[in-house]
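Peer 1: fold the stuff below for me.
(one chain, ligands or ions: 1)
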Amino acid sequence: SDEIEWWEYDDAAEMADAVAGDIGFIIESAIDARGAAVIALAGGKTPVPVYEKLAATKLDWKRVTIIPTDERIVPLGDALSNVTMIGKTFLPKGARVIPIVPKATDDYKAAGRSADALMQDLHWPLDLCLLGVGSDGHTASIFPGPDYDEALNGPRERRALGVMPDPLPPEAPVARVTLSREGIVTARALMIAVTGAAKKKVIEQAIAKGAGSPWPIGRVLADAELPVDIHWAP
Ligand code: 6PG
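Peer 2: Residues are numbered from 1 along each chain as shown. Just a heads-up that it's a prediction; the model follows:
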């Protein structure tokens, strides 16, 4: 996208308020326009306060479908499971939260194919894709390296795939399923929420390098078809 807008806050709590408000507005607009909202939410730690604020918003939650932007291939309920973290917050509101990896398996490629098949049934483009960014420039579970190419240069109709990051990230050393390029860059609204100086620097460098960026977040930002809002707090 050639329209990247930075929104900066004094602290993470202020960012959570603002991002939750923006997501609530996007959900309401999707429901008004199409009778339903389908959104992809990032895993990890940064968005947790956003989800708590969002869940407190009065919305027609039964018309909201939520998928994780990516999932670690672990049993549901595992501390590493993104859909479990997201489900804890939004299932009680009556939203539909879809596990894109229904069961743990060693065959992460097969898990990716089944997630892709599952996602074909959702209405696309997504109304929102909220992404985080890792300090290595990964986003969703598109990590720098060979998986990057398959996730970002694969067949355009592929919406999800299984990846085995190399090296495995220390905080979650497991195989993953991730949204691919198609699922992310075609979203009607693409939002990033990050904290800390290191990640801000990675994103600024990625933007500077554009589509040739060595970091997945750089390719995603370059390929995004609509404006991107980047929310940042120290
Ligand atoms: C995941 C996320 C991942 C996350 C980044 C940042 O499964 O871990 O989807 O892409 O957004 O790793 O994670 P933190 O917000 O925890 O730093």
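Peer 1: please count neighbours and contacts with C-alpha atoms only from this point.
Peer 2: Will do.
Peer 1: and the longest helix along the chain, what does it pack against?
Peer 2: Assignment by DSSP state H gives helix 12-34 as the longest helix of the chain. Helices and strands touching helix 12-34, by 3 or more CA pairs under 8 Å, 6 or more residues apart in numbering; DSSP states H and E, are strand 37-41, helix 48-55, strand 228-233.
Peer 1: quick one: list the elements packing against the shortest one.
Peer 2: Packing contacts for strand 37-41, counted by 3+ CA pairs under 8 Å, 6+ apart, involve helix 12-34, strand 64-68, strand 128-131.
Peer 1: now the helices and strands packed on helix 12-34 as JSON lines including mean neighbour count?
Peer 2: Formatted as JSON lines, the helices and strands packed on helix 12-34 follow (neighbours: other CA atoms under 10 Å):
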{"stretch": "strand 37-41", "mean neighbour count": "23"}
{"stretch": "helix 48-55", "mean neighbour count": "19"}
{"stretch": "strand 228-233", "mean neighbour count": "21"}
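Peer 1: to A117, which of the ones you listed lies closest?
Peer 2: With CA to CA, the closest approach to A117 among those belongs to strand 37-41: 16.1 Å.
Peer 1: please enumerate the strands of the chain.
Peer 2: Using DSSP state E, the strands assigned to the chain run over residues 4-8, 37-41, 64-68, 70-72, 96-97, 128-131, 160-163, 176-179, 190-195, 228-233.
Peer 1: got TSV for the ones you listed, with mean pLDDT too?
Peer 2: Listed next are the strands of the chain as TSV, based on pLDDT from 0 to 100:
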stretch	mean pLDDT
strand 4-8	96
strand 37-41	98
strand 64-68	98
strand 70-72	97
strand 96-97	98
strand 128-131	98
strand 160-163	92
strand 176-179	95
strand 190-195	98
strand 228-233	98
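Peer 1: want to try CSV for the ones you listed, with distance to the ligand as columns?
Peer 2: Below are the strands of the chain laid out as CSV (distance: least, CA to the nearest ligand atom, whole Å):
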stretch, distance to the ligand
strand 4-8, 16
strand 37-41, 8
strand 64-68, 7
strand 70-72, 5
strand 96-97, 15
strand 128-131, 6
strand 160-163, 12
strand 176-179, 8
strand 190-195, 7
strand 228-233, 12
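Peer 1: circling back: out of the helices and strands packed on helix 12-34, nearest to P99?
Peer 2: P99 lies closest to strand 37-41 among the helices and strands packed on helix 12-34, at 11.3 Å (CA to CA).
Peer 1: what's that closest one in contact with?
Peer 2: Identification of contacts with strand 37-41 by CA atoms under 8 Å, 6 or more residues apart in numbering yields 27-28, 30-31, 63-69, 86, 122-123, 126-131.
Peer 1: of those, buried ones?
Peer 2: Among the contacts of strand 37-41, those buried by neighbour count (16 or more other CA atoms under 10 Å) are 27-28, 30-31, 63-69, 86, 126-131.
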